[in-house]
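Colleague: any chance you can model this:
(one chain, ligands or ions: 1)
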Amino acid sequence: LKENNARHLWHPMAHPADSLAHPPEIIVGGEGVSITDVDGRTVVDGVGGLWNVNLGYSCQPVKDAISEQLDRLPYYSIFRGTTNDLVIELSYMLREFFAPDGLSRAFFTSGGSDGVEIALRLARQYHKVRGEAGRVKFLSLKKGYHGTHTLGASVNGNPNFRTQYEPLMPGCHHIPSPYTYRNPFGETDPEKLAQLCLAALEDEIKFQDSSTIAAMIMEPVLGAGGVIPPHESFMPGVREICSKHGILLIADEVITAYGRTGAWSGSRRFGVQPDMAVTAKAITNGYFPFGAVMISDAISEVFENDTSGKATIGSGYTYSGHPVGAAAAIACLKETERLNVKDNAAKRGEQLHAGLKQLGETYDLIGDVRGGYGLMCALELVSDRDTKAPIDKASISTVQKTAYDAGAMVRVSGNNIILSPPLILSEDDVNTILTALDKGLGAV
Ligand code: PMP
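Modeller: Below you'll find the model as predicted:
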């Protein structure tokens, strides 16, 4: 297996040479909150798959739902008016998580990148239907990540996910993120920084001319960019500015939904109702590739009332609303509610964040400790606290590898160690992650 991994797999998000050096090599099993590799080592999954295995690896109700659905109807998706029974039930359930009173329609996709693509397209189409065809540009945050497709890559803030593929979509502009550790204003106070970023957003809108902008897309809490927890006032401020200028607000909730931030959605965590919300990942807990875009009633009405034909949807996927995915999602959401994972995420998130802060007092190579919104935490590693020079790749790899050998899988993203464990983990599991990280950091 190891030889064929090296020879035949093209690893996403990695240099072909680097990817082979990273642990863990090959995962062959998963149970509860732990994963087991091909060498028989079992570790706590501090990454929760890829921020998606919220309920752990042995969720019996989901397995049962998938197997029953496979027997009953293995395929019939949503296309040109035809659908299956399950997605109708699911769309109703999803409202409860995102906005019980306002995001009533769901457009189903096969994952997060697909959802981002659909949301951005719908935003442009919405303005066209309303006779504002000049609204074509998109705004996003410099630390934002919105997937792999061409529109998503165009709004991705991190140049590492963009520049290889340029020229991408013109008219995508990136706003400073509320990132206290590094920002162009030299501001460390989260509230003041939020205000400065909001002012930068206003400036960009003015510079671009609001009548040319279709939508702003943002993660309520930035994830892949290094877990950047914003001040509480940031997302409501963005909402207010977007509404003032007729710009749609798309919440990319691919990571932040279903309890991850200690609330049922990231937007709800901040008391914001977006115009659209993109969801994927934990919607099926990893059991099936699946996603959705939740769409506001106001947008739906504009499309419904169109008589020009401009509102006909020209996008859809073969697997939009796959019945097995929908069955998995319904079972997942029921379990998510039954176990009330958002409360455990909040409690364990506090414990994890506090433990990471303690590590921050011990190790000089920790430049910044981030958390505070459920089970999304990060350590930013530097080689020098004064200059904030990022730690080198080999050293952060040693932290990860040693932590893995000591019992916990953690994720490396640039010079950050990212933690997003399953939301069902226990106090002991958090301690295992912290002890493993302590050993990893100690090794450097
Ligand atoms: N948006 C965000 C915020 C994400 O974190 C991701 C995946 N990490 C995506 C979109 C893309 O989702 P997918 O990998 O399911 O296409």
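Colleague: what's around the single nearest residue of the chain relative to the ligand, how many residues?
Modeller: Relative to the ligand, the nearest point of the chain is Gly112 (2.2 Å; Cβ to the nearest ligand atom). Backbone N, C-alpha and C define where each C-beta goes, glycine included. Counted with other Cβ atoms under 10 Å, the neighbours of Gly112 add up to 28.
Colleague: is it correct that it is in contact with Val278?
Modeller: Yes. Judged on Cβ atoms under 8 Å, Gly112 makes contact with Val278 at a distance of 6.5 Å.
Colleague: common neighbours of those two, please.
Modeller: Shared contacts of Gly112 and Val278, defined by Cβ atoms under 8 Å, 6 or more residues apart in numbering, are found at 252, 254, 291.
Colleague: out of those, which one sits closest to Val444?
Modeller: Relative to Val444, the closest of these is Val254; by Cβ to Cβ it sits at 31.4 Å.
Colleague: one step back: show me which of the shared contacts of Gly112 and Val278 neighbour the ligand.
Modeller: Filtering the shared contacts of Gly112 and Val278 for proximity to the ligand by Cβ under 6 Å from any ligand atom leaves 252, 254.
Colleague: just the shared contacts of Gly112 and Val278: which are in strands?
Modeller: Cross-referencing the shared contacts of Gly112 and Val278 against strands under DSSP state E gives 252, 291.
Colleague: who wins on neighbours among the shared contacts of Gly112 and Val278?
Modeller: Asp252 (32 neighbours).
Colleague: test my guess that that residue contacts Met218.
Modeller: Yes. Contact criterion Cβ under 8 Å: Asp252 and Met218 qualify, at 6.5 Å.
Colleague: any residues in contact with both of these two?
Modeller: Both Asp252 and Met218 are contacted by Gly144, under the criterion Cβ under 8 Å, 6+ apart.
Colleague: so which residues on the stretch 51-200 of the chain come close to the ligand?
Modeller: Residues of the stretch 51-200 of the chain lying near the ligand (Cβ under 6 Å from any ligand atom): 111-113, 116, 145-148.
Colleague: compare these and tell me which is most surrounded.
Modeller: His146 (31 neighbours).
Colleague: just give the closest residue to that one, not the sequence neighbours.
Modeller: Gly152 (4.3 Å; Cβ to Cβ, 6 or more residues apart in numbering).
Colleague: just the pLDDT for the one you found.
Modeller: Gly152 is assigned 97 on the pLDDT scale.
Colleague: how is it assigned, secondary-structure-wise?
Modeller: With DSSP: H, G, I helix; E, B strand; the rest coil as the basis, Gly152 sits in helix.
Colleague: quick one: neighbours of it, just the number.
Modeller: 28.
Colleague: equivalent analysis for the one 5 residues further on, please.
Modeller: Number of residues near Gly157 (other Cβ under 10 Å) recorded here: 23.
Colleague: ditto for Arg121
Modeller: Arg121 has 17 nearby residues by other Cβ under 10 Å.
Colleague: what do you get for Gly102?
Modeller: 15.
Colleague: going along the chain, name the strands of the stretch 251-400 of the chain.
Modeller: Secondary structure of the stretch 251-400 of the chain by DSSP state E, counting those that start in this stretch: the strands cover 276-279, 291-295, 366-370, 377-384, 389-390.
Colleague: His174 bridge partners, please.
Modeller: Under DSSP bridges, the beta-bridge partners of His174 are Ser140.
Colleague: meant to ask about Val382, not that
Modeller: Pro390.
Colleague: look up how far Lys357 lies from it.
Modeller: For Val382, the distance to Lys357 (Cβ to Cβ, to the nearest Å) stands at 16 Å.
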